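> Kindly return the folded structure for what I paste below:
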Amino acid sequence: MKKSALISIIGIIIFAAVAGNYYLNQKKPTMAEQPGTPLIPEQKQLPMPSSLSYVPQDTFAFAGGLELYSVDDLVTMLKSQQSNMSDLTYEKLQKEILNDEDTPVGFKMPMFTLFELSSSVEKDPKALVTRLGLSDKVDSAIYTVGMLPVFRLKIENTDNFNAFIQDIEKKNNILGVEKSFEKVSYRSYTFDIPGTKKPSEISFIIAVHDNYAIFSIETPFEREHYLSLVLGIDKPKKALSDSSLLSNISTQYKLHPAYLAFFNHVVLTKAVTNSSQNDFGKMLNEFIDQDGEHFQNKGFANIRTPACQKELVDMAKNWPRTVMGYTKISLDTTPLQMDSRVLFESNNKDMLEQLRSLRGFIPVVLNDAPSRALLSLALGLNVDALLPFIKKITADITATPYSCEPLKKMQLAISENPQSPAIAMASMMLSGVKGLSISLLDIDFTANDTGEKPEIKSLDALITLSTNDPSGLLDKALAMAPAPYDTLQVAADGQAIDFPIPMQLPSELQTKIAIKGQHIVIYIGGDGEKAANQLSTEALSENGLFAFNIGYEKYSRILKKAMNILEDMDEEKAEIFQSMDSFNADMNFLIDVNQYGLVIDTQLTIH
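Got it, this is the predicted structure:
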């Protein structure tokens, strides 16, 4: 197996592990609340996880926390995050992997471990806790030693955990190799394709040491040094437990201390540019030396010049980390509510101010329970700030005296492609616009199996355009519109009139257009009218850049009916959609900018 391919393997494993651990454990502030002021429950300070003493401070990726949390909370989270993948799908995937003789056991073992965990979560989460040998408090961490991803999990019953691993091997006919290092035994699963004549000595490993289960990768590069750190025989000279980093992240961003994660962009950039001999960089250099031609062909050497080393690292320091965490978790209420946040940290205050100038209006009504949509999209954009933003950012980028060749090429490309006059014209025509939203609140229709077009029985929808001068903007738009729209007269007092659309609907369903406060609204149906009327008193405010909401119960119900699922689909697909139907949840996404960086908030409510 080529060592360059291992970089892809490691990247996938790091991303899957960190994202999985993060998503596994998730109410966020409403859109009316200002970003950067999320809520977390008041808790007593719990002991710091001892796993942090094994995590190097220069880890590229991390997922863990400053506090232990209850295994009962873990069980609740596992139940709430049950997969929509059916048992038939699991069986199909397992058979495909088992029947592929060229699949290395280094891939098979982690895949089948994930299959076993997912299947057990569906059937009996509490039994899974026993099988894994977990204690009452969960102590876990995902991190990197150099480029090597490590998942460390505190276990109380090592015999149960070893039996769990052996059961996976036996059920899937996987042969692991028993190895030992410094009197620590571990199971090794090679990444080499069966029958390889020149083994790479790169393996997926599972170990138990000092009551920790450890999942990682073993490579021949400085094997003794890195294997000792991975297994925990030696600890890093500078550990995360000795740093205030996690405490600062939790306090500054108001994130729950038990669930924190980050990617360190500076560590990665230093390694890629070879500007610092950190452990990540040392390993990366080894892989480059082994497969140098591949990296030269990819232009890798172009960013390892002294100029690029300095300028790219300086850029990374302006956007040092991607931070993830939970602003609030409510696991003992009905419905369950879990809020998560992803923050792209920035030290570039000027850039943040420019981005914040673009923030527009997103209707709060779209996130209210009575008006919750099947599906809604909202763009918050201050159109008046768009052209100045583009000019300012373009000027800043092209004026910076870069010496790094790829950055100079980027500057040249930008300077040769100035802003289109169309942007300026559009900005003038849409002056005063603050936001646009489209919401499908609900729909019902008659489905048939004759191939005829379904007939809509009911429809509730809403389109909004928020602006400082709705009457003026609408008059200009209608004056340029074709018949019959050019004769429409929409009063500014909120009175709705019929708005013809090229769509066949029942006679009792009539699309309306009105001006509600500072919002031009087009709506249909009783729920659409209620939501539109609520906007009458909703003043324009700068509360976000983009929002996306989905009601899974409504979505799965409509999708099943649209596809006439039980008659036209095979057993596997029918089972998947039946499991989706039981997932009664609402999920809302909000992209915004605050004083710390670019923010993605997710609100998950499970009924």
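> So which residues of the stretch 1-150 of the chain form helices?
3-24, 71-80, 87-99, 105-123, 125-132 (DSSP state H, counting those that start in this stretch).
> Need the mean per-residue confidence for the fourth one.
Per-region confidence: helix 105-123 scores 85 on mean pLDDT.
> Buried ones in it, by neighbour count?
105-110, 112-113, 115-122 (16 or more other Cβ atoms under 10 Å). Where C-beta positions appear, they are placed from N, C-alpha and C, glycine not excepted.
> Give the other helices and strands that that helix contacts.
Contacts defined by 3 or more Cβ pairs under 8 Å, 6 or more residues apart in numbering; DSSP states H and E place helix 105-123 against helix 87-99, helix 125-132, helix 158-171, strand 184-190, strand 203-209.
> how distant is the fourth one from the center of its chain?
Meaning strand 184-190. 32 Å (Cα atoms, centre = their mean, to the nearest Å).
> Please identify the pairing partners of it and their relative orientation?
The strands that strand 184-190 pairs with in its sheet are strand 177-181 (antiparallel), strand 203-209 (antiparallel) (by DSSP bridges).
> Looking at those strands, which is nearest to Glu542?
Closest to Glu542 of these is strand 203-209 (Cβ to Cβ; 48.6 Å).
> between the closest one and helix 105-123, how big is the angle?
60 degrees (axes from the mean of the first three to the mean of the last three Cα atoms, to 10 degrees).
> residues making contact with strand 203-209?
For strand 203-209, contacts defined as Cβ atoms under 8 Å, 6 or more residues apart in numbering pick out 105-107, 109-110, 155, 158, 161-162, 165, 176-177, 179, 184-191, 213-218, 230-233.
> Please indicate which of those residues are buried?
105-107, 109-110, 155, 161-162, 165, 176, 184, 186-191, 213-218, 230-232.
> Find the one among the helices and strands packed on helix 105-123 with the highest mean neighbour count.
Highest mean neighbour count among the helices and strands packed on helix 105-123 (mean count of other Cβ atoms under 10 Å): strand 203-209, with a mean of 22.
> still on that earlier bit, in CSV, list the strands paired with strand 184-190 along with distance to Gly528 and mean pLDDT.
Formatted as CSV, those follow (distance: least, Cβ to Cβ, whole Å; pLDDT from 0 to 100):
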stretch, distance to Gly528, mean pLDDT
strand 177-181, 64, 96
strand 203-209, 53, 97
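> Mind putting those into CSV with distance to Phe389?
Formatted as CSV, those follow (distance: least, Cβ to Cβ, whole Å):
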stretch, distance to Phe389
strand 177-181, 56
strand 203-209, 47
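> For Tyr523, find the nearest of the ones you listed.
When the strands paired with strand 184-190 are ranked by distance to Tyr523, counting by Cβ to Cβ, first place goes to strand 203-209 at 55.3 Å.
> tell me the average confidence for the next helix or strand after that closest one?
Scanning forward in sequence from strand 203-209 by DSSP states H and E, the next helix or strand is strand 212-218. Per-residue pLDDT over strand 212-218 has a mean of 97.
> What strands flank strand 212-218, and is each parallel or antiparallel?
As defined by DSSP bridges, the strand partners of strand 212-218 come to strand 148-154 (antiparallel), strand 203-209 (antiparallel).
> looking at these, which is closest to Asn533?
strand 148-154 (51.9 Å).
> does Lys392 really touch Met351, like I thought?
No: between Lys392 and Met351 there is no contact under Cβ atoms under 8 Å: 9.5 Å.
> Quick check: Ile591 touching Thr602?
No: Ile591 is beyond contact range of Thr602, at 10.3 Å (criterion: Cβ under 8 Å).
> follow-up on the earlier one: mean pLDDT for the helices and strands packed on helix 105-123: which is lowest?
Of all those, the minimum mean pLDDT falls on helix 87-99 (a mean of 64).
> partners of Thr190 in the sheet?
In beta-bridge terms (that is, DSSP bridges), Thr190 pairs with Ser203.
> so which of the strands paired with strand 212-218 gets nearest Asp339?
strand 148-154 (24.9 Å).
> Relative to the whole chain's centre, how far out is the closest one?
Computed by Cα atoms, centre = their mean, the separation of strand 148-154 from the middle of its chain amounts to 21 Å.
> swap in stretch 545-564?
19 Å.
> And for stretch 499-519?
Using Cα atoms, centre = their mean, the offset of stretch 499-519 from its chain centre is 36 Å.
> what mean pLDDT does that stretch have?
Mean per-residue pLDDT for stretch 499-519: 89.
> Report the buried residues of that stretch.
Using 16+ other Cβ under 10 Å as the test for burial, stretch 499-519 gives 499, 505, 509, 511-519.
> ditto for stretch 465-485
So stretch 465-485, judged by 16+ other Cβ under 10 Å, has buried residues 465-467, 470, 473-474.
> can you check stretch 553-562 too?
Buried, per 16+ other Cβ under 10 Å, within stretch 553-562: 553-558, 560.
> give me every residue that touches the nearest residue to Leu246 once chain neighbours are set aside.
Nearest residue to Leu246, sequence neighbours excluded (Cβ to Cβ, 6 or more residues apart in numbering): Leu66, at 5.1 Å. Leu66 makes contacts with 48-49, 52, 246-247, 250, 257-258, 260, as judged by Cβ under 8 Å, 6+ apart.
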